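Q: just a sequence and a predicted model for now, questions to come.
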Amino acid sequence: MSDASYRDAIFTTPLDQVAQFSFDERVVACFPDMIRRSVPGYGQILGMLGIIAERHLPRGAHVYDLGCSLGAVGLALAGRLPPQAFSLTGVDISPGMIARAKDTLARECPDHAIEIVEGDIRHLNYRTSGMVVLNFTLQFLPPEDRDGVLSKLHAALEPGGVLVMSEKIRAADEQENAWLVERYHDFKRANGYSELEISQKRTALENVLIPDTLDAHHACIAQAGFSRSTTWFQYLNFASIIAFKDE
Ligand SMILES: Nc1ncnc2c1ncn2[C@@H]1O[C@H](C[S@+](CC[C@H]([NH3+])C(=O)[O-])CC(=O)[O-])[C@@H](O)[C@H]1O
Ligand SMILES: O=C(O)C(=O)Cc1ccccc1
């Protein structure tokens, strides 16, 4: 499979009917460009995941990267930690993403114990792990399925284990939310997206990517059994939370 990456031009031409967004072959082909131009702080979050792993993972512990797409989290951890430091399982439901992630990781970090599997994170039998990463993935699950997944992840974590969860968020206050969304659209314009691309993608993501508030995420995390959680990163309406399982 080719490892070429293209500029995201998916919503450049006017569409009669904008179909629901899906992680199909066209998205796979331009995904690195799409996510970097569309997710404020994406690169910074990846860099910090390596630092968090370095601090929190017991030597040799297992890590899950859930909704791994092209394997960027595994690459970031392998770039910072030696092969003996951890093993990692990346899981994604999109066959196109999985095929490319497997290729990339086998080529870029052959000495690290990283496996990539196709699957639905709602129906996985999780093994005991030291760290679980949901980097912009929970937002794509139907809201009614999210509590169940977080509870399973809490159960799978070792005492002292951590969950890192990044999400597109909404603010409960309408005015605050409007400001964040408007500046987010400015961010996309500044990254070369046209008005048409911004509005068609917004339509495509309706009912597919369902953002929740930070308060709701922290409440869900507490409900799942985590004793503490903190928002360690926010850039406009994109944020990342770390949650700690009791020692
Ligand atoms: N039920 C599901 N089970 C498994 N995977 C799923 C499911 N639903 C959606 N996905 C997968 O979750 C990923 C979300 S992208 C993650 C970026 C990555 N974490 C990164 O750090 O580059 C975020 C984004 O594109 O904004 C896609 O690859 C979906 O196929
Ligand atoms: O582009 C958007 O509007 C987003 O919310 C980010 C995003 C990035 C990649 C796939 C889907 C959504």
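A: Noted; the coordinates are in hand. Ligands and ions are numbered 1, 2, ... in the order given.
Q: who's in contact with residue 27?
A: Residue 27 makes contact with 10, 21, 34, 96, according to CB atoms under 8 Å, 6 or more residues apart in numbering. No exception for glycine: its C-beta is placed from N, CA and C like everyone else's.
Q: now, which of the residues you listed sits nearest residue 136?
A: Within the contacts of residue 27, proximity to residue 136 (CB to CB) peaks at residue 34, which comes in at 11.7 Å.
Q: which residue is the nearest non-sequential neighbour of the closest one?
A: With sequence-adjacent residues excluded and distances taken as CB to CB, 6 or more residues apart in numbering, residue 34 is closest to residue 8, at 3.9 Å.
Q: double-check residue 25 against residue 94; I have them as touching.
A: No: between residue 25 and residue 94 there is no contact under CB atoms under 8 Å: 9.3 Å.
Q: out of those two, which sits in the busier spot?
A: Relative neighbour count places residue 94 above the other of residue 25 and residue 94, with 21 against 12, counting by other CB atoms under 10 Å.
Q: can I assume residue 79 is in contact with residue 51?
A: No: the criterion here is CB under 8 Å, and residue 79 misses it with residue 51 at 11.2 Å.
Q: what sits in contact with each of the two?
A: Listed as contacting both residue 79 and residue 51 by CB under 8 Å, 6+ apart is no residue at all.
Q: how about residue 100, nearest residue that isn't a chain neighbour?
A: Leaving aside its sequence neighbours, residue 100 sits nearest to residue 70 (CB to CB, 6+ apart; 5.5 Å).
Q: what is the three-state secondary structure of that neighbour?
A: For residue 70, the assignment made with DSSP: H, G, I helix; E, B strand; the rest coil gives coil.
Q: from what I can see it touches residue 34, true?
A: No: look at residue 70 against residue 34 with CB under 8 Å: they stay out of range, at 10.8 Å.
Q: which one's more surrounded, the two?
A: Taking residue 70 and residue 34 together and counting by other CB under 10 Å, residue 70 has the greater number of neighbours (27 against 20).
Q: residue contacts, that one?
A: The neighbours of residue 70, taking CB under 8 Å, 6+ apart as the test, are 28, 31, 32, 97, 100, 101, 104.
Q: out of those, who's near ligand 2?
A: Near ligand 2, judged by CB under 6 Å from any ligand atom, there are no entries from those.
Q: from the residues you listed, which is closest to ligand 1?
A: residue 97 (4.6 Å; CB to the nearest ligand atom).
Q: now do the contacts for the closest one.
A: Residues near residue 97 by CB under 8 Å, 6+ apart: 23, 28, 31, 68, 69, 70.
Q: ligand 1 next: which of the residues you listed are close?
A: Among the contacts of residue 97, the residues within reach of ligand 1 (CB under 6 Å from any ligand atom) are 23, 68, 69.
Q: wait, which of those residues is closest to ligand 2?
A: Nearest to ligand 2 among the ones next to ligand 1 among the contacts of residue 97, counting by CB to the nearest ligand atom, is residue 23 at 7.8 Å.
Q: so that closest one is in which element?
A: Here residue 23, judged by DSSP states H and E, is contained in no helix and no strand.
Q: likewise for residue 166?
A: In the assignment (DSSP H and E), residue 166 maps to strand 157-168.
Q: can you dump the C-alpha atoms of that strand in PDB for me?
A: Taking Å, rounded to 0.1, in the frame of the first residue of the first chain, the C-alpha atoms of strand 157-168 are listed here in PDB:
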ATOM      1  CA  LEU A 157      -6.300  -0.100  34.000                       C
ATOM      2  CA  GLU A 158      -3.900  -1.200  36.700                       C
ATOM      3  CA  PRO A 159      -3.900   0.700  40.000                       C
ATOM      4  CA  GLY A 160      -2.200   4.000  39.300                       C
ATOM      5  CA  GLY A 161      -3.000   3.700  35.600                       C
ATOM      6  CA  VAL A 162      -4.000   6.700  33.500                       C
ATOM      7  CA  LEU A 163      -6.500   7.500  30.800                       C
ATOM      8  CA  VAL A 164      -5.800  10.400  28.400                       C
ATOM      9  CA  MET A 165      -8.800  11.500  26.500                       C
ATOM     10  CA  SER A 166      -8.700  14.400  23.900                       C
ATOM     11  CA  GLU A 167     -12.000  15.700  22.500                       C
ATOM     12  CA  LYS A 168     -13.600  18.400  20.500                       C
END
